[in-house]
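**Q** quick one: sequence plus predicted model below, questions after.
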Amino acid sequence: MSLKKSTQTRFLRRGISKILWATEINDPKYPSRREITNAFVLTDAVSDIEGWALENEPIETPDMGSTFNSSIPGNDKAESSSLTFYEDRFSDAIEQQLPKGAEGYVVLLRKGDLPGSRSVDVFPVQVATRAATYSTGNEAAKFKVDYTITDEPSLDRPVPPAAHPHPLPEDDCDPKPAHDHGDDHGHGHDHGHGPDGDERTVSLSSVTTTKTAATVREHDSDEG
């Protein structure tokens with residue numbers, strides 16, 4: 001009996017993963033949609049990335065009963081990490097966001113902005129150094145930002161739900177009863193039925209005009 005091979009959707013991080021800089025996040029374990037939306041987007045300017053991983057320092061526990069050197073988990077740590085950016089000739093927007101000493105959060109959406117996906121890593125950081133790199137080679141100008149991880153990162157956090165526009169008001173589908181309505185000039189319509197049962201509509205303005213004309217004619221006859 002052959003086992004069915006499981007399928008896996010593999011992807012390239014370039015063009016999918018997103019890198020953001022947020023100065024404030026209320027709860028790093030649950031970044032909100034507003035915080036994600038308001039974060040400064042670094043993705044398109046990043047040329048290289050190093051670090052951004054939680055590591056452990058295991059403790060060796062050898063004993064006399066075995067020649068195997070066993071170990072147990074020790075302290076967690078996050079090595080200093082860095083982002084290298086392309087340098088914009090006319091804009092310093094990124095440099096203004098990341099001066100030396102700046103504190104905030106580097107937010108990595110590993111699988112992109114997929115609401116519900118547990119693929120957000122939030123690193124509390126401080127900018128340790130920011131320096132331009134120089135080269136005589138045939139390459140674009142860049143600068144590198146080194147970060148220190150100031151607190152335990154929040155890993156595999158859920159991507160917040162997507163923002164939805166305000167819902168439209170519900171349409172009033174209740175049938176409205178028919179009423180006699182006057183127009184803007186005080187004229188209405190009389191809906192009735194003819195002798196054969198057919199519905200007929202008589203304009204009251206026409207009836208009023210006819211009655212007025214008849215009154216005028218009768219008045220003229222009396223004067224004659």
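**A** Arrived safely, thanks for sending. These numbers were taken from a predicted model, which means no experiment stands behind them.

**Q** check the offset of stretch 75-88 from the chain's centre.
**A** 26 Å (CA atoms, centre = their mean, to the nearest Å).

**Q** so which residues make contact with it?
**A** Residues outside stretch 75-88 that contact it (CB atoms under 8 Å, 6 or more residues apart in numbering): 19, 42, 45-57, 94, 106, 123, 125, 128, 132-133, 140-149, 152-153. (Each C-beta comes from the backbone N, C-alpha and C, glycine too.)

**Q** same check on stretch 10-26?
**A** Here stretch 10-26 makes contact (CB under 8 Å, 6+ apart) with 31-32, 35-36, 38-43, 46, 49, 83, 97-98, 103-113, 122.

**Q** of those residues, which belong to helices?
**A** Counting by DSSP state H, the part of these found in helices is Glu35, Ile36, Asn38, Gln97.

**Q** show me which of the contacts of stretch 10-26 are buried.
**A** Among the contacts of stretch 10-26, those classed as buried by neighbour count (16 or more other CB atoms under 10 Å) are 31, 35-36, 39-40, 42, 46, 49, 83, 98, 104-111, 113, 122.

**Q** narrow the residues you listed to those in strands?
**A** The members of these that map onto strands under DSSP state E are Phe40, Val46, Ile49, Leu83, Gly104, Tyr105, Val106, Val107, Leu108, Leu109, Val122.

**Q** adding pLDDT and distance to Lys77, write those residues out as a markdown table.
**A** Below are those laid out as a markdown table (pLDDT from 0 to 100; distance: CB to CB, whole Å):
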| residue | pLDDT | distance to Lys77 |
| --- | --- | --- |
| Phe40 | 98 | 27 |
| Val46 | 97 | 24 |
| Ile49 | 96 | 19 |
| Leu83 | 98 | 19 |
| Gly104 | 97 | 20 |
| Tyr105 | 98 | 18 |
| Val106 | 98 | 17 |
| Val107 | 98 | 20 |
| Leu108 | 97 | 18 |
| Leu109 | 97 | 24 |
| Val122 | 97 | 17 |
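
**Q** where does Asn26 sit, in terms of helix or strand?
**A** Asn26 belongs to no helix or strand when assigned by DSSP states H and E.

**Q** what's the burial count for it?
**A** Burial of Asn26 is recorded as 9 neighbouring residues (other CB atoms under 10 Å).

**Q** what does the pLDDT read for it?
**A** What the model reports for Asn26 is a pLDDT of 96.

**Q** check Asp220 too.
**A** Asp220 carries a pLDDT value of 50.

**Q** let me see the ranges of the strands in this protein.
**A** 18-22, 40-41, 46-50, 54-60, 71-78, 81-86, 103-109, 118-133, 142-149, 154-158, 189-193, 199-203.

**Q** distance to Phe11 added to those, as JSON lines?
**A** Below are the strands of the chain laid out as JSON lines (distance: least, CB to CB, whole Å):
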{"stretch": "strand 18-22", "distance to Phe11": "13"}
{"stretch": "strand 40-41", "distance to Phe11": "20"}
{"stretch": "strand 46-50", "distance to Phe11": "16"}
{"stretch": "strand 54-60", "distance to Phe11": "22"}
{"stretch": "strand 71-78", "distance to Phe11": "25"}
{"stretch": "strand 81-86", "distance to Phe11": "21"}
{"stretch": "strand 103-109", "distance to Phe11": "13"}
{"stretch": "strand 118-133", "distance to Phe11": "11"}
{"stretch": "strand 142-149", "distance to Phe11": "26"}
{"stretch": "strand 154-158", "distance to Phe11": "17"}
{"stretch": "strand 189-193", "distance to Phe11": "68"}
{"stretch": "strand 199-203", "distance to Phe11": "68"}
